[in-house]
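[1] give me the fold of what follows.
(one chain, ligands or ions: 3)
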Amino acid sequence: MKLEPYKLQSLNEDQLQRHQQKFESVAAEIKNVDGLLQQLIDFQIAIPSWALGTGGTRFGRFSGGGEPRSLEEKIEDVGLLHALNGSSGAISLHIPWDIPQNAASIKALAAQHGLRFDAMNSNTFQDQAGQAHSYKFGSMQHTDKAVRKQAIDHNIEVIKYGIELGSESLTVWLSDGSSFPGQLNFRKAFERTLGCLQEVYAALPDNWKLFVEYKAFEPNFYSMTVGDWGQSLNYANKLGPKAYTLVDLGHHLPNANIEQIVALLLMDGKLGGFHFNDSKYGDDDLTVGSINPYQLFLIFNELIEGMNARGMNHASDLGWMIDASHNIKDPLEDLLQSVEAIKIAYAQALLVDTQELEKARESNDVVRAQEILQEAYRTDVRPLVAEARLRAGAALQPLQVYRSLNVRENLIKERGLKTVATGL
Ligand code: PSV
Ligand code: MN
Ligand code: MN
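    Ligands and ions are numbered 1, 2, ... in the order given. Here you go, the predicted model:
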């Protein structure tokens, strides 16, 4: 389904007057509002190809209607999101869930929608049909060299697909670990994994980055071989300058101080990418900002502080991606909510008076420091985010437009009611 620009324009016009009133009242309080809006316009968040269908829990899967049946249809869905919010200008593929059969035409289709290819994701956490060896006891940590070689070869194949599509990074998330005490020699598991990652690293083109994603638990519940940011950083340091740590918000033990992790990784120049989602218990993969928006704001505050300190470009020097799963919501509506939540947190963090905050910190004025952060957090920045969308030619109210154009109903007509997108 394609969004007709004239329909978008007329829906925007209906809301314009109300929007302008709200925008002007927030903008009056901000020093360089055009600069801030440009930062919001530039900030793009990649959509993972596996988030476009309804995911399952381990108890069941209730697939929604009109889900994309092919990679082409997934690209069309991301194109639609991008047309609505102007902020989803990239797609991230998981191989082998979304193998580009004809990379040139896939790349051309993506370009038609204004999309580029973000990080490529390999998959050695599932056995695929026809695969010679099983990953039941791990992939890169495996005791059998043949299994390790299969995992290395798969990652190198993923890099090759990525090169054809114009991607410039590979995310490796390993489910490797152990479920019972005694099962694994931790040191050997680390060394074997490092050996495999070194071979993958050696196959990276010069302009590529390797993201080592960590996760505290699941599917292994006693130990994970890349279980936390310390381990990930250790691998990344040993691998070399093209290797970085990737933070997925749902991959920590409860109450972890993610904003501090982010600050320290940035300090070392080793933060590479980000997977946004929200969680209450574990790797819940819930809509960004649905549980703990203040934490998201605090994380963005550290991201901005750390990136500015290193002279980094907010939009392009880190990989930004949503990693979520939708069991009961329309996935496209959910993704619109997630992108909006990210933009809101980013805008709020851009409003923090950093000089005043530093002053308060240096003089140990704890109360003032908290006030400065909360002043920014409690600003209603939604009109700023909407204005950035308007200036980017997108919708003032993406979700409202999505519903008023009956997008899901149209997709069901086009694709059928019982379609199941590839993914988890
Ligand atoms: C694992 O939980 C993860 O966060 C990794 O990023 C995977 O690639 C993704 O989810 C999809 O399963
Ligand atoms: Mn992830
Ligand atoms: Mn996850």
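
[2] neighbours of Asp98, how many?
    25 (other C-beta atoms under 10 Å). (Glycine included, C-beta is placed from N, CA and C.)

[3] going forward can the numbers begin at 442, since that is how I track them
    Got it, first residue is 442 now, which makes that one Asp539.

[4] hmm, it is touching Ser490, no?
    Yes. Under the criterion of C-beta atoms under 8 Å, Asp539 makes contact with Ser490 at 4.6 Å.

[5] quickly find the element holding Tyr685.
    strand 684-689 (DSSP states H and E).

[6] helices or strands next to the helix or strand just after that strand in the packing?
    Sequence-wise, the next helix or strand downstream of strand 684-689 (DSSP H and E) is helix 699-708. The helices and strands touching helix 699-708, judged by 3 or more C-beta pairs under 8 Å, 6 or more residues apart in numbering; DSSP states H and E, are helix 670-680, strand 684-689, helix 734-750.

[7] could you dump those to a markdown table with mean pLDDT and distance to ligand 2?
    Converted to a markdown table, the helices and strands packed on helix 699-708 look like this (pLDDT from 0 to 100; distance: least, C-beta to the ion, whole Å):
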| stretch | mean pLDDT | distance to ligand 2 |
| --- | --- | --- |
| helix 670-680 | 98 | 12 |
| strand 684-689 | 98 | 4 |
| helix 734-750 | 98 | 15 |
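
[8] quick one, which of those is packed in tightest?
    strand 684-689 (a mean of 26; mean count of other C-beta atoms under 10 Å).

[9] tell me what angle that strand forms with helix 734-750.
    On the basis of axes from the mean of the first three to the mean of the last three C-alpha atoms, to 10 degrees, strand 684-689 is oriented at 160 degrees to helix 734-750.

[10] residues in contact with strand 684-689?
    With contacts defined as C-beta atoms under 8 Å, 6 or more residues apart in numbering, strand 684-689 is touched by 612, 614, 638, 642, 650-656, 670, 673-674, 676-678, 699, 702-703, 706, 711-716, 718, 724, 760, 764.

[11] stretch 841-849 now?
    Residues from elsewhere that reach stretch 841-849 (C-beta under 8 Å, 6+ apart): 442, 444, 448-449, 452, 505-507, 521, 525, 771, 773-774, 777, 836.

[12] now, those that are in helices?
    With helices taken from DSSP state H, the overlap with the contacts of stretch 841-849 comprises Lys448, Leu449, Leu452, Leu521, Leu525, Leu773, Glu774, Leu777.

[13] tally of neighbours for the second one?
    By other C-beta under 10 Å, 19 other residues sit near Leu449.

[14] any idea how many residues pack against the nearest residue to it once chain neighbours are set aside?
    Take Leu449 and drop its neighbours on the chain: the residue closest to it by C-beta to C-beta, 6 or more residues apart in numbering is Ala836, 5.7 Å away. By the measure other C-beta under 10 Å, the count of residues near Ala836 is 26.

[15] distance check, Ala836 against ligand 1.
    From Ala836 across to ligand 1, the span is 28 Å (C-beta to the nearest ligand atom, to the nearest Å).

[16] I'd say that residue and His523 touch.
    No. With contact defined as C-beta under 8 Å, Ala836 does not reach His523; the gap is 10.9 Å.

[17] check what pLDDT Met442 gets.
    On pLDDT, Met442 comes in at 76.

[18] how about the residues of the stretch 692-841 of the chain near ligand 1?
    With C-beta under 6 Å from any ligand atom as the criterion, the stretch 692-841 of the chain meets ligand 1 at residues His716, Asp724, Asp764.

[19] can you pick the most crowded of these?
    Result: Asp764 is most packed of these (other C-beta under 10 Å), 27 neighbours.

[20] now do the phi/psi pair for that one.
    Per-residue torsions, Asp764: phi -130, psi 100 (degrees, to the nearest 10).

[21] tell me the least confident of the residues of the stretch 692-841 of the chain next to ligand 1?
    Across the set of those, Asp724 stands lowest in pLDDT, at 94.

[22] what is whichever residue of the stretch 492-641 of the chain sits closest to ligand 1 paired to in the beta sheet?
    For the stretch 492-641 of the chain and ligand 1, the shortest gap (C-beta to the nearest ligand atom) falls at Trp614, measuring 3.8 Å. Taking DSSP bridges, one obtains Glu654 as the residues bridged to Trp614.

[23] quick one: it and Glu659 touch, right?
    No. Contact status for Trp614 versus Glu659: not in contact, 11.4 Å apart, counting by C-beta under 8 Å.

[24] the two - which one has more neighbours?
    Taking neighbours as other C-beta under 10 Å, Trp614 and Glu659 compare with Trp614 leading, 22 against 13.

[25] where are the low-confidence patches of the stretch 492-641 of the chain?
    Along the stretch 492-641 of the chain, no part satisfies pLDDT under 70.

[26] picking that back up, now the angle from the strand holding Tyr685 to helix 670-680?
    Going by the same axes, to 10 degrees, strand 684-689 is angled at 160 degrees with respect to helix 670-680.

[27] hmm, strand 684-689 touching ligand 1?
    Yes. Contact of strand 684-689 with ligand 1 is found when judged by C-beta under 6 Å from any ligand atom, involving Asp689.

[28] that strand pairs with which strands, parallel or anti?
    Counting by DSSP bridges, strand 684-689 is paired with strand 650-654 (parallel), strand 712-717 (parallel).

[29] residues in contact with the first one?
    Among residues not part of strand 650-654, those counted as contacts by C-beta under 8 Å, 6+ apart are 560, 609-614, 638, 641-642, 645, 667, 673, 676-677, 680, 683-687, 689, 692, 713-714, 716, 760.

[30] does it reach ligand 1?
    Yes. Legend: contact between strand 650-654 and ligand 1 by C-beta under 6 Å from any ligand atom is shown at Glu654.
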